Structures are given as C-alpha cells and as structure tokens.
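Chemist: need a structure here:
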Amino acid sequence: MIAIPVPNTDRSLLTIEELRAAAGVPADDTSQDARLIIVGDFVSAVITSACTLIKDGAVPPNLRLETIHETWRNRRRQQSLILSRLPVVEIMSVTELGAELDPTDFAVDQGMLTRLYNGNSRGWWGEPLGGEIVAIYSAGYEEVPADLKYAAMRFVQVETAQGGRDPLLKMKRIEGVSEYQWWVDPTRESIIPSDVVNILQMGGYINRIGSFA
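Modeler: Residues are numbered from 1 along each chain as shown. Now for the predicted structure:
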C-alpha cells in the first residue's frame, strides 16, 4: 500500500516548447499553445497509465518525482520487498516493527528492498510477529529521460496529425437524419501507437507489479 502525502502537481512529460516541436508549430508561435497543452496532458496521462503505476487512491499516478510512503502488513518472512515506484532516487527511512533502521541495515537494488544484518541478507520479519514495514522514499523523474520524451512526442505527432478527426469513423451521412458508422480494428488493443508502446517496453518504463510470497 502506498500513500503520497504531497503529490507532485506536474505530470507533464513535455514542455510547451517540445509540444510545439512535436506538432510542427514554429518555436515562437504561441497561438496553438492552449490546444497543445490539452493534447500534452492527455498524452502524459495515457502514457503514465500504460506504465501501470500503483496509485494512492484518487491521486493520479505520476512518472515525475514524488515522495512515497509504502507500507507492507501481515507478510510472511521474506528476503526482499518490491518497491512500487521506480526509479528509486533516495530512501529517506525504513521502519521495521516500529523501529527505524540504520541505513546499513538495508539495501536497494533495482527497486528491491533487502534487509541486512552485518552486511548479509537476513530477510524481513513478518508473521507471526505482525506489525508493519514502512519505507519512505523518493521515486520518479525530476528530469524526463530522452527516450520517454521521444515516446510522448511521437504520440503527440499522431494526435495532432488526426486534427480532431475520429480515426474509427468510416461513414457519415446527413440526409435529413444524420447517420454515423464506426469501424473498430479487432487487432487494436490500445489507443497508444505501437511504436510508442515499444519505446516504453524497451526503456523499462512499464512497471512490474508484484511481491515475493
């Protein structure tokens, strides 16, 4: 379970300058900024959702830097715990059964939080002792990586190229009474362009959610 006491209100993957570049708008042309910001917010939200981040209730998930409070309860003894948000930037504190650990008593590697004793893996206490393990850490991107920006820009290019046209609308007839028909591609599983999905997968941005039993 995670909690985000102070959510980062900036969820944008692209600056307004990058949005203009992706849409083919001159750098000094601000006339389309309002529309581009809407498109950019949509693209950032959809990409973030595709990365399957665990969220704090109604707080929208975010790929940008945030401070996370993550709690594990009623766990069987296990060697490592998987942190829900990546990349981990800093571990502020780890508490086991109410006692805050010294930084030498745990280690983090690729999102795996391991309990140490004298430098060796000891495993985290769980049942029957009960109690909680709580980690407070910062995770996410303060600066958006180049490949993640490129994925967002490719998505913006597709959205702006459509120019508001519904790509699934195959017929529109107005003869006294309007008639619309939509064609649905049975092979299409996502509104995200396939090359954008490939970039997210190759970059490791799609979160692996799970835990060790």
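
Chemist: Tell me, please, the helix or strand in the chain that averages the lowest pLDDT.
Modeler: One helix or strand of the chain scores below all others by mean pLDDT, DSSP states H and E: strand 177-182, with a mean of 42.

Chemist: Show the subsequent helix or strand relative to that one.
Modeler: Note on strand 177-182: by DSSP states H and E, the next helix or strand toward the C-terminus is helix 194-202.

Chemist: Show me what that next one is packed up against.
Modeler: Counting contacts by 3 or more C-beta pairs under 8 Å, 6 or more residues apart in numbering; DSSP states H and E, helix 194-202 is packed against helix 33-50, helix 146-162. (C-beta placed from N, C-alpha, C; glycine too.)

Chemist: With mean pLDDT and distance to Pro61 added, can I get those in CSV?
Modeler: Below are the helices and strands packed on helix 194-202 laid out as CSV (pLDDT from 0 to 100; distance: least, C-beta to C-beta, whole Å):
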stretch, mean pLDDT, distance to Pro61
helix 33-50, 93, 5
helix 146-162, 92, 14
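
Chemist: Switch those helices over to TSV, and while doing so, append mean neighbour count and distance to Gly57 to every line.
Modeler: Output for the helices and strands packed on helix 194-202, formatted as TSV (neighbours: other C-beta atoms under 10 Å; distance: least, C-beta to C-beta, whole Å):
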stretch	mean neighbour count	distance to Gly57
helix 33-50	17	16
helix 146-162	18	25
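
Chemist: Could you provide these in CSV, with additional columns for distance to Ile82?
Modeler: Formatted as CSV, the helices and strands packed on helix 194-202 follow (distance: least, C-beta to C-beta, whole Å):
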stretch, distance to Ile82
helix 33-50, 19
helix 146-162, 22
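
Chemist: right, so of the ones you listed, which gets closest to Val88?
Modeler: The stretch from these with the least distance to Val88 (C-beta to C-beta) is helix 146-162; that distance is 16.8 Å.

Chemist: could you check the angle helix 194-202 makes with the closest one?
Modeler: 160 degrees (axes from the mean of the first three to the mean of the last three C-alpha atoms, to 10 degrees).

Chemist: C-alpha coordinates for helix 146-162, CSV please?
Modeler: Output of helix 146-162 as CSV, limited to C-alpha atoms (Å, rounded to 0.1, in the frame of the first residue of the first chain):
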residue,chain,number,x,y,z
ALA,A,146,15.2,11.5,-23.6
ASP,A,147,13.5,8.2,-24.8
LEU,A,148,10.4,8.9,-22.6
LYS,A,149,10.2,12.4,-24.1
TYR,A,150,10.5,10.9,-27.6
ALA,A,151,7.7,8.5,-26.9
ALA,A,152,5.5,11.3,-25.8
MET,A,153,6.4,13.4,-28.8
ARG,A,154,5.6,10.6,-31.2
PHE,A,155,2.2,10.2,-29.5
VAL,A,156,1.6,14.0,-29.8
GLN,A,157,2.5,13.8,-33.5
VAL,A,158,-0.1,11.1,-34.1
GLU,A,159,-2.8,13.0,-32.1
THR,A,160,-2.2,16.4,-33.8
ALA,A,161,-2.0,14.8,-37.3
GLN,A,162,-5.5,13.5,-36.8
